[in-house]
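Chemist: Sequence first, predicted model second:
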Amino acid sequence: MNLCIHRYLTKCLTNPQPPGFADFIRGTKALYILSKKFNYKLLIDYNIHPLFKYFKFNENIYINELNNNTTMELLPPVSYHEIYSQLLNLFNSKQDLYLLTNSFHVSHMTRHNDHNIDVINSSNNFIKEMLKPSDLLEELFLNKINEINIDINNYIIIHIRIKDDCFFNENFNLDENFDSLVKEKIKIVIDNNCNKNILVLSNHSRYLQNLKSLFNNIFITNNLTIHLGSLDNNNMENKIQGTLIDLLFMSKSKEIYSISQYGGSGFSHVIAQIYNIPLH
């Protein structure tokens, strides 16, 4: 059986930055489904990106061998339709593949989906296994639960996705119209969910603290986060940990309310899809 190795590169040759982690997960789902269709075995490279040490190594999910094979990048600015077409050609070649992609699992042009629902569900289970926390991440997560004193069995999430600029500038000023939209949405969610804990997550920690001062009945993690496609050396490990702790909270929530300056959040959408969580 041929191998398809998905590699989450920390630097790309064809794009100014590697995809975000949600985009990598989306590409993993596409590769899993194509691997099933063309009789490949999909594995995730465990070595290239530092985030994977926070997930449990599973030999059915990960590969831990260092090699010098060139990684093919199938990413924008190439169109998603062209990316998907190239993937079909590569899988038809019956050669081992070393790839990084954020492809959708259907043609982005036609949105046609002829995949069996069992394969779709199996791809979700593969990704759940990929995201199983290591003992260290599990410990950090439990510590955060105790720190913020949230009811882990009864909470919903409001996820506020702010432009990437805020990852690199903590003093990034939010658009006033978007700020008003966020506060109105939080008020509505609070009013409609008085019996649930409400955890607000965002990629802008200073803005979360501001929201906490206005809505004292919400929960925040106070985590520093990072765009996992744009690593820096400034407190990087703490930021990776914070981002993955937020991911764990999202994966265990009862519902997710997504508010984004991009018109949608891949992070919210992918996690809701994989873990079958209602997304609003």
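Modeler: Perfect, I can see it now.
Chemist: dump the residue contacts of Ser251.
Modeler: 131, 271, 274-275, 277 (Cβ atoms under 8 Å, 6 or more residues apart in numbering). Yep, even glycine has a C-beta here, placed from its N, CA and C like the rest.
Chemist: how close does it get to Thr101?
Modeler: 23 Å (Cβ to Cβ, to the nearest Å).
Chemist: among the contacts of Ser251, who's most crowded?
Modeler: Ranked by the number of neighbours (other Cβ atoms under 10 Å), these place Ile271 first, at 28 neighbours.
Chemist: Pull out the buried residues from stretch 256-272.
Modeler: 256-261, 265-272 (16 or more other Cβ atoms under 10 Å).
Chemist: so of the residues you listed, which ones are in helices?
Modeler: 266-272 (DSSP state H).
Chemist: and stretch 189-198, how far out from the chain's middle?
Modeler: Its chain's C-alpha centre and that of stretch 189-198 lie 25 Å apart, by Cα atoms, centre = their mean, to the nearest Å.
Chemist: ok, now stretch 36-46?
Modeler: Mean-position distance between stretch 36-46 and its chain equals 20 Å (Cα atoms, centre = their mean).
Chemist: What lies in contact with that stretch?
Modeler: Outside stretch 36-46, the residues that touch it by Cβ under 8 Å, 6+ apart are 1-8, 28, 31-32, 34-35, 52, 57, 61-64, 91-92, 94, 97, 115, 119, 122-123, 126, 130.
Chemist: give me that answer again for 6 Å
Modeler: Stretch 36-46 has contacts (Cβ atoms under 6 Å, 6 or more residues apart in numbering) with 1-7, 31-32, 35, 52, 61-64, 91, 119, 130.
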